[in-house]
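S.K.: A predicted structure for the sequence below; I have some questions about it.
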Amino acid sequence: MKKDPESFIPSTSRIEAFSDGVIAIILTIMVFEIKVPTSIKTGMASGQILSELTAISPKFIAYALSFLLVAIFWVNHHSFFYSLARTSRALLWHNNHLLFWLSLIPFPTALLGEFPFETVTVMLYRLIVLGAAVAFNLMAFHADHANLYDQKISKKYIRKLNRKSLYGPVLYLTAVLLAPLSVYISLGIYILIPVIYFLPARIIEAIDSE
């Protein structure tokens, strides 16, 4: 007996599992960059140890910022796939494109920890995050165009989310362009961005009332 073609439409479970694994590895790699200073020796006074740890505080801050960034992407990634009824071959590659940019984040994070106020370091970090933001937007736009969302979610709400998602790339690009003029302004813009994306939109609000 032949199967209905609809039965061959892939679900989102494997793409979510793969993405979760990659993101977990990304976070693990980042924390490995924070090492106990070799200058700390047995018998050192507490004040000296604190001084040595303070010297590497930029690494802790860079890790915390990147962890928050990756966590925001993961939360919104989870929310996005929860709203899909199915996936497609093109969506798989859009997701791989996103994971490519996310997997690069440990490198500029390590640079930012070593050289937090260098223009080139800040610009490189922003460019990679910009790439991830653009990739996420392309994936969301494809899902809308290919009708991958659950039919209970209104088109109007999806379009609203897609418009809001454009704020991220625009702000990241602005941060990149302003970095040569002021590293501090660029960092300020970067810190403000999570306010927009910290919490994912509630899918329940998108369900059409009957």
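M.R.: Done, it's in. As the structure is a computational prediction, the values presented were derived from the model and not from experiment. Numbers count the residues shown, from 1 in each chain.
S.K.: quick one: the residue lying closest to I49 once chain neighbours are set aside from V22, how far?
M.R.: For I49, ignoring the flanking residues on the chain, the nearest one in space by C-beta to C-beta, 6 or more residues apart in numbering is I40 at 5.7 Å. Glycine gets a C-beta too; all of them are placed from N, C-alpha and C. In this view, I40 and V22 are 33 Å apart by C-beta to C-beta, to the nearest Å.
S.K.: same check, this time on I189
M.R.: Counting by C-beta to C-beta, the gap from I189 to V22 is 27 Å.
S.K.: again with M30
M.R.: Using C-beta to C-beta, we find M30 at a distance of 13 Å from V22.
S.K.: where does the chain dip in pLDDT?
M.R.: Across the chain, the ranges flagged by pLDDT under 70 are 1-10, 194-210.
S.K.: tell me which residue is most central in it.
M.R.: The chain has F73 as the residue nearest its centroid, 3.3 Å off, counting by C-alpha atoms, centre = their mean.
S.K.: give me the element that residue is part of.
M.R.: Using DSSP states H and E, F73 maps to helix 57-82.
S.K.: now the helix or strand containing A133: how far from the chain's centre is it?
M.R.: For A133, the enclosing helix or strand under DSSP H and E is helix 119-145. Taking C-alpha atoms, centre = their mean, to the nearest Å, one finds helix 119-145 lying 9 Å from the centre of the chain it belongs to.
S.K.: list the buried residues in it.
M.R.: Buried residues in helix 119-145, defined by neighbour count with 16 or more other C-beta atoms under 10 Å: 121-137, 139-140, 142-143.
S.K.: which neighbouring elements make contact with it?
M.R.: Contacts defined by 3 or more C-beta pairs under 8 Å, 6 or more residues apart in numbering; DSSP states H and E place helix 119-145 against helix 57-82, helix 89-104, helix 106-114, helix 155-165, helix 167-178, helix 183-192.
S.K.: returning to that earlier point: looking at I40 and V22, which one has more neighbours?
M.R.: V22 (16 against 12; other C-beta atoms under 10 Å).
S.K.: wait, Y125 sits on P108?
M.R.: Yes: between Y125 and P108 there is a contact at 3.9 Å, judged by C-beta atoms under 8 Å.
S.K.: coming back round to it: now render the helices and strands packed on helix 119-145 as JSON lines, adding distance to A17.
M.R.: Converted to JSON lines, these look like this (distance: least, C-beta to C-beta, whole Å):
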{"stretch": "helix 57-82", "distance to A17": "11"}
{"stretch": "helix 89-104", "distance to A17": "12"}
{"stretch": "helix 106-114", "distance to A17": "21"}
{"stretch": "helix 155-165", "distance to A17": "24"}
{"stretch": "helix 167-178", "distance to A17": "25"}
{"stretch": "helix 183-192", "distance to A17": "30"}
